[in-house]
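Asks: below are the sequence and a predicted model for it; my questions follow.
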Amino acid sequence: MRQRITKAIFPVAGLGTRFLPATKSIPKEILPLVDRPLIQYCIDEARAAGIKEFIFVTSRGKSALEDYFDNAPQLEKTLRKKGKTELLEELRQTDMESGAIAYIRQKKAKGLGHAVACAHRFIANEPFAVLLPDDVIAAEKPCLQQMVEAWEETRGNMVGVMEVPDDQISSYGVLDVKDDMNRLVAARGLVEKPSIADAPSRLAVVGRYILTPSVMRELRRTDPGVGGEIQLTDAINRTAMQEDNVYGYRFEGTRYDCGSKAGFLEATVDFALRRPELRDRFAGFLRDLPETKPEEKQVVAGALKAI
């Protein structure tokens, strides 16, 4: 029987310092994008891709995440009593079955690779997904679902990629392209945060991965790399050299970097405009802002046409 992708790791141990003081008391992943926390978008995307087991790599101060995915009997009782069935159903979407979710502490901040390696006992000898909640992707077909369907043909390691401008290259891991097949790109490996001059392509890796057990094994024996941290990129590169099975996937959709304030605000506008009950009033507000310049109003009009 062919293996399927049923487990996903969610590295959520970061301190969220770019959102202080808001993140002084709540995890960044709980910050609401319209009316759902960032982490919920990531969980919904994983569920759509067939994920059944959810592994959170956390740190001290993240207990609100555990509470969010627990049931809330008193709140449910109140909603039921008031006949608010729609709200009750939405609330139930946040519940996770007992045993479907696990929490692991990353006691020291040693990088993304170390965070993923913390979950090795839950992965065993299976392929798995990694989703970074900072990256919220608006897509008709959820990004991870697109990747899982493509992975069924390759059965290798796969990273979500998108084209980025030159001035942003040094902020990403970048694909070293071997064979460009449109949506699917065979890669020699990845280069972590290269200069523009050293970048092998303009295809940047975003926070979606499908990885083989080989990568997990490499992570457990990987030494610290760039920034003194254990880099996921290094483990993927070693696997690429040994097994020649790394691919990039150009997903369909719009990715927002919700780990930055600007990206979070951009996502808020887009997701609000996609909601039928909010669209008209919110769009009217944006158009009528007294300080909005004509070119900015054109951007709003274009965004509305695209949705």
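Replies: That came through fine.

Asks: where are the low-confidence patches of the chain?
Replies: Along the chain, the model assigns pLDDT under 70 to residues 1, 225-226, 290-307.

Asks: centre of it to the edge, which residue is at the far end?
Replies: Residue farthest from the centre of the chain, counting by C-alpha atoms, centre = their mean, is Lys81 at 36.5 Å.

Asks: break this protein into its domains for me.
Replies: Listed by automatic domain parsing, the domain ranges of the chain are 7-274, 275-307.

Asks: out of those, which is the most enclosed?
Replies: domain 7-274 (a mean of 18; mean count of other C-beta atoms under 10 Å). For every residue, glycine as well, the C-beta is placed using N, CA and C.

Asks: ends of it, what's the gap?
Replies: Taking C-alpha to C-alpha, to the nearest Å as the measure, domain 7-274 stretches 30 Å from start to finish.

Asks: and that domain, how far out from the chain middle?
Replies: The chain centre lies 3 Å from the centre of domain 7-274; the measure is C-alpha atoms, centre = their mean, to the nearest Å.

Asks: so where do the helices sit in the chain?
Replies: 38-48, 63-68, 73-81, 85-92, 112-117, 120-123, 143-154, 213-219, 232-243, 261-273, 276-288, 294-306 (DSSP state H).

Asks: so which of these is nearest Ser25?
Replies: Across those, Ser25 has its closest neighbour in helix 63-68 (8.6 Å, C-beta to C-beta).

Asks: quick check: chain neighbours aside, which residue is closest to the spatially most central residue of the chain?
Replies: Centroid-nearest residue in the chain, with C-alpha atoms, centre = their mean: Leu132, separated by 3.3 Å. Excluding the flanking residues, the one nearest Leu132 by C-beta to C-beta, 6 or more residues apart in numbering is Gly207, at 2.8 Å.

Asks: does the one you found really touch Gly160, like I thought?
Replies: Yes. Counting by C-beta atoms under 8 Å, Gly207 does reach Gly160; the two are 7.3 Å apart.
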